[in-house]
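**Student:** Mind folding the following:
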Amino acid sequence: MGVTPNGNGTAASDKPITELKTDIYYVVIMIDASHPEKALIKTLDGSTAHNPVAEPGHALHYIVKNGTIQSVLSFGPSSAAAAAIGPATADCTMKNMVYAFRYNLTKDKAEKLIKETDKWRADIASYLILYSGVTNDTCAETMLEILRPYIPELPKGKGKTGTYYVYIRAVTPYWLFEDYKKAGTPYKVYPSSSKRYTTEDPNKLLKEYVPQKDEEDPVQW
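**Tutor:** Residues are numbered from 1 along each chain as shown. Next up is the predicted model:
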């Protein structure tokens, strides 16, 4: 028996055809940067800054094997009071439309990333990792820290962040999406159905959402 380039087996007419299947792994990055009209402001010197108080945005990642989610990390504060610094959650919900980016992974990288993501989840649950807006230990920064060893070409996602008067250079979901836009990186919008959004705000979800382990990847690639 031989193997064709598409992975299908070839056999004589009196023998069954053997199909060789390969597991498919990839990671999905979801970014909520859906309200730039609120988030991106002009500073006194005329430059643009992301004001996270007005609109923080969000970022998360999950790893998929053969269409099924294996592990998710949606890092965020456990409550509004913890946004400056305090207990974190690994299941911070998406409140708005998101931009989804896909990166294919080898089996070895995917399995290592699944283990690392699960460890982060465990450490967050044990209060070994805190959320800190003060030191930029936040959703987008943490996600990039975890993923960059496996996907070195990820954008920096850093820019002026703060208010009209005081700002620093920090990693945020809005700056990450701006980098993706400048690079022309393709993405999917999720959810795609207008029925999932409010009538008052076409980018705001009727029901908050976070991907879950063992669910099918919700994004149609």
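**Student:** For the rest of this, base every contact and every neighbour count on C-alpha atoms.
**Tutor:** OK.
**Student:** Show me the shaky parts of the protein.
**Tutor:** 1-20 (pLDDT under 70).
**Student:** list the buried ones in the helix ranked longest in it?
**Tutor:** As assigned by DSSP state H, the longest helix anywhere in the chain is helix 107-125. Buried positions in helix 107-125, judged by neighbour count with 16 or more other CA atoms under 10 Å: A110, E111, L113, I114, T117, D118, W120, R121, I124.
**Student:** Going by distance to P77, which of the residues you listed wins?
**Tutor:** Comparing these against P77 with CA to CA places I124 closest, at 10.5 Å.
**Student:** tell me the contacts of the closest one?
**Tutor:** Neighbouring residues of I124 by CA atoms under 8 Å, 6 or more residues apart in numbering: P87, A88, T89, A90, L130.
**Student:** what bridges to the first one?
**Tutor:** Just to be clear, that refers to P87. L130 (DSSP bridges).
**Student:** and it, how many neighbours?
**Tutor:** As a burial measure, P87 scores 20 neighbours (other CA atoms under 10 Å).
**Student:** give the contact list for it.
**Tutor:** Contacts for P87 (CA under 8 Å, 6+ apart) come out as P77, S78, S79, I124, Y127, I129, L130, Y131.
**Student:** And the residues you listed, which two are furthest apart?
**Tutor:** S79 and I129 (14.8 Å).
**Student:** ok, back up a step: could I get the contacts of I124 in CSV, plus columns for distance to G162?
**Tutor:** Converted to CSV, these look like this (distance: CA to CA, whole Å):
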residue, distance to G162
P87, 22
A88, 21
T89, 23
A90, 25
L130, 21
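**Student:** Most neighbours of all these, which one?
**Tutor:** A88 (27 neighbours).
**Student:** pretty sure that residue contacts A80?
**Tutor:** No. The pair A88 / A80 is not scored as a contact, 10.5 Å apart, by CA atoms under 8 Å.
**Student:** The chain: helices as residue ranges?
**Tutor:** Under DSSP H, the chain gives helices at 36-39, 107-125, 139-147, 173-183.
**Student:** Could I get the buried residue list for the shortest one?
**Tutor:** To tie it back to what came earlier, the one meant is helix 36-39. A39.
**Student:** hang on, isn't A49 packed against I41?
**Tutor:** Yes. Applying CA under 8 Å as the test, A49 and I41 come out as touching, 5.4 Å apart.
**Student:** For the nearest residue in space to W175 that is not next to it in sequence, grab the count of nearby residues.
**Tutor:** Nearest residue to W175, sequence neighbours excluded (CA to CA, 6 or more residues apart in numbering): G157, at 4.7 Å. As a burial measure, G157 scores 20 neighbours (other CA under 10 Å).
**Student:** check contacts around G157.
**Tutor:** Counting by CA under 8 Å, 6+ apart, G157 has contacts V171, T172, P173, Y174, W175, L176, F177, E178, D179.
**Student:** What is the nearest of those residues to K95?
**Tutor:** Nearest to K95 among these: P173, at 13.6 Å, using CA to CA.
**Student:** Can you give me the distance of the closest one to H50?
**Tutor:** 9 Å (CA to CA, to the nearest Å).
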